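>>> no sequence for this one, just the structure:
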């Protein structure tokens, strides 16, 4: 799998991708999931892909080679919308070529794409492109897209990010979102590619590939982990009671049949009549 | 969907389930996903289910009615392992009955089960039971199970929970894990059923159904959200440089072809030769 996230903020764009690729757990490798199309001063476009690696690579090959029916390619598209169409057309072209063979082998045509950047004359734009080549554009109310293993790292983004978030703060959020994902899912792995783009720069100015030795990454994830534990401890534990004002959680009485099934009378009586010798000798397989 | 989590700690067990059920987004309802089988002083068993509601309900009906080929039922099983087998047999029984019809309609036989508790004479035990009726038992190294929408709420559990965690601290962690899930996924919803079981109590002593008005829940999620933002702000933002000692993140030079595709020379020259009038007039569809 993969985890990639991109954010479109008032101040620019943030892109972050992991590098784990695998075909089963016994074939694990590293591949870059971020590709930049740069014509400095005129356009800076970033493509991130998840899903079947053969599909992703074919799409990138087609994007870099072909000019479409309108005579446009990734370098001559007038707008990001046109450029996203070119990427969508590449997806459809690979689908047309591969889908017959895939069906014979029961393989899904599975690819996820985030595509964003800026072409001179437009503001920064960000798209999510689906396996069918159709796409949606990010909105300020929900200014990010994720592909791949998106769920682990979503809560932190939902808590922090709005379109007003400064670029480097958003980059930090993306890195912590990635860290939560890395900790909980081994199909996502280092190194991480981070690209932070300030609106109207029209070139790559801030890119870094972050591996296990990167001091900044090590520092923030350690700081975050320590502080998470501190605030977790500082949030009040429940204190149960049957209704005392001093406690914060009240035990529910009469929970009723929707929750509890009680033992049939014969069994309840039986159990209470003769102490449970058999049960006291119960086998605890768990401890073996 | 659903989100349920259970933890087996040295001090006992924690169970937490949401109540959202839906068949498409236009048929959303509330259903309890936790069922307790209680014979006070002798056994206290908790079953939580996710997946197809008709399967879950059938399983529960069978569990409460049937005695298996060994003459055992949920009330007479000598060990939690036997009780888990009885639940697994109920799953297989529903599968046998429904799977033919399901296949005709292209419906997956989809059910997830967490089953745990204590029978007098054994320690607390916790199982995850699959659609095929097979099951695994929790281990101290990784002392929790989740079913349903598990990913959003996993990072906080991975950061906090070990088998040494006190019961009420674990309950608080489960509630915050649920809160992260609720915020990020509308297929999970209130009220929440929380059951905290101290080892050897052999009865329900701490159960509460938490709705939107529960003051404790409101307090901790607000406190958590505020503190998360505070610590997020206190973690260092990246400061980019080309190598100054004062900064914490160094811009990578010579990123190379594995990342960047540059414009073909003809295009790059062309663009630089005549300032990009067409592009400067680009249509910004995003702002419409």
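Arrived safely, thanks for sending. In this text, all values refer to a predicted model and were calculated from it rather than measured experimentally.
>>> quick one, strands of the stretch 101-250 of chain A?
Per DSSP state E, counting those that start in this stretch, the stretch 101-250 of chain A carries strands over the ranges A:111-119, A:125-129, A:135-137, A:144-148, A:192-198, A:206-210, A:240-241, A:249-250.
>>> Could I get the average pLDDT for stretch A:202-209?
For stretch A:202-209, the mean per-residue pLDDT is 94.
>>> Show residues contacting it.
Here stretch A:202-209 makes contact (Cβ atoms under 8 Å, 6 or more residues apart in numbering or on different chains) with A:36, A:38, A:40-44, A:118, A:120, A:191-198, A:214, B:240, B:249-252, B:255, B:259-260. Bear in mind the C-beta positions are built from the backbone N, C-alpha and C, glycine included.
>>> Could you dump the strands of the stretch 101-250 of chain A into a markdown table with mean neighbour count added?
Converted to a markdown table, the strands of the stretch 101-250 of chain A look like this (neighbours: other Cβ atoms under 10 Å in any protein chain shown):
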| stretch | mean neighbour count |
| --- | --- |
| strand A:111-119 | 25 |
| strand A:125-129 | 24 |
| strand A:135-137 | 15 |
| strand A:144-148 | 24 |
| strand A:192-198 | 24 |
| strand A:206-210 | 21 |
| strand A:240-241 | 17 |
| strand A:249-250 | 19 |
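>>> Need those strands in a markdown table (columns: distance to residue A:105).
Below are these laid out as a markdown table (distance: least, Cβ to Cβ, whole Å):
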| stretch | distance to residue A:105 |
| --- | --- |
| strand A:111-119 | 16 |
| strand A:125-129 | 24 |
| strand A:135-137 | 27 |
| strand A:144-148 | 22 |
| strand A:192-198 | 31 |
| strand A:206-210 | 34 |
| strand A:240-241 | 56 |
| strand A:249-250 | 54 |
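>>> Residue B:177 is in contact with residue A:232, correct?
No - with contact defined as Cβ atoms under 8 Å, residue A:232 does not count as touching residue B:177 (11.0 Å).
>>> neighbour count winner among those two?
Legend: neighbour count by other Cβ atoms under 10 Å in any protein chain shown for residue A:232 and residue B:177, higher for residue B:177 (26 against 18).
>>> The residue lying closest to that one once chain neighbours are set aside: neighbour count?
Of all residues not flanking residue B:177 in the chain, residue B:153 sits nearest, at 3.4 Å (Cβ to Cβ, 6 or more residues apart in numbering or on different chains). Counted with other Cβ under 10 Å, residues neighbouring residue B:153 total 31.
>>> Make sure residue B:153 is actually in contact with residue B:3.
Yes - Residue B:153 lies in contact with residue B:3 (Cβ under 8 Å); the separation is 6.5 Å.
>>> what do the two both touch?
Residues touching both residue B:153 and residue B:3 by Cβ under 8 Å, 6+ apart: B:146, B:178, B:181.
>>> Need the residues touching each of residue A:232 and residue B:177.
With contacts taken as Cβ under 8 Å, 6+ apart, residue A:232 and residue B:177 have residue B:156 as neighbours in common.
>>> tell me, how many neighbours does residue A:226 end up with?
Neighbour count of residue A:226, defined by other Cβ under 10 Å: 11.
>>> what ranges do the helices span in the stretch 101-250 of chain A?
Secondary structure of the stretch 101-250 of chain A (DSSP state H, counting those that start in this stretch): helices at A:154-160, A:167-184, A:215-234.
>>> Could you single out the most deeply buried of these?
Among the helices of the stretch 101-250 of chain A, helix A:167-184 has the highest mean neighbour count (mean count of other Cβ atoms under 10 Å in any protein chain shown), at a mean of 24.
>>> what's the burial count for residue A:255?
Around residue A:255 there are 17 other residues, counting by other Cβ under 10 Å.
>>> which SS state does residue A:46 fall under?
At residue A:46 the chain is in strand, as set by DSSP: H, G, I helix; E, B strand; the rest coil.
>>> hang on, it packs against residue A:32?
No - counting by Cβ under 8 Å, residue A:46 stays clear of residue A:32, with 12.0 Å between them.
>>> out of the two, which sits in the more crowded spot?
Neighbour count, other Cβ under 10 Å: between residue A:46 and residue A:32, residue A:46 has more, with 27 against 16.
>>> list the contacts for that one?
A:6, A:13, A:15, A:34-37, A:114-117, A:195, A:197.
>>> before we move on, what about residue A:62?
Going by Cβ under 8 Å, 6+ apart, residue A:62 touches A:90, A:93-94.
>>> Sort out which of those are buried, if you could.
Buried residues within those, counting neighbours by 16 or more other Cβ atoms under 10 Å in any protein chain shown: A:90, A:93-94.
>>> Specify which member of these is nearest to chain B.
For the buried ones among the contacts of residue A:62, the closest approach to chain B (Cβ to the nearest Cβ) belongs to residue A:90, at 13.5 Å.
>>> Helix, strand or coil: sort out that closest one for me.
Following three-state DSSP, residue A:90 is assigned to helix.
>>> ok, it touching residue A:67?
No - between residue A:90 and residue A:67 there is no contact under Cβ under 8 Å: 11.7 Å.
>>> what ranges of chain A fall below the confidence cut-off?
A:245-246, A:269-288 (pLDDT under 70).
>>> can we see that at 90?
Chain A contains residues with pLDDT under 90 at A:1, A:20-29, A:65-66, A:68-70, A:183-188, A:241-259, A:261-288.
>>> Leaving out the residues flanking it, which one is nearest to the residue positioned nearest the centre of it?
When Cα atoms, centre = their mean is applied to chain A, the residue found nearest the centroid is residue A:150 (2.6 Å). With Cβ to Cβ, 6+ apart as the criterion, residue A:150 has its nearest non-adjacent residue at 6.8 Å, and that residue is residue A:3.
>>> tell me which residues form a beta bridge with the one you found?
residue A:148 (DSSP bridges).
>>> check contacts around it.
By Cβ under 8 Å, 6+ apart, residue A:3 lies in contact with A:17-18, A:50, A:146-150, A:152-153, A:178, A:181, A:185, A:188.
>>> so which of the contacts of residue A:46 also contact chain B?
Restricting the contacts of residue A:46 to those adjacent to chain B (criterion: Cβ under 8 Å from any Cβ of the partner chain) gives A:34-37.
>>> With that, I have no additional questions.
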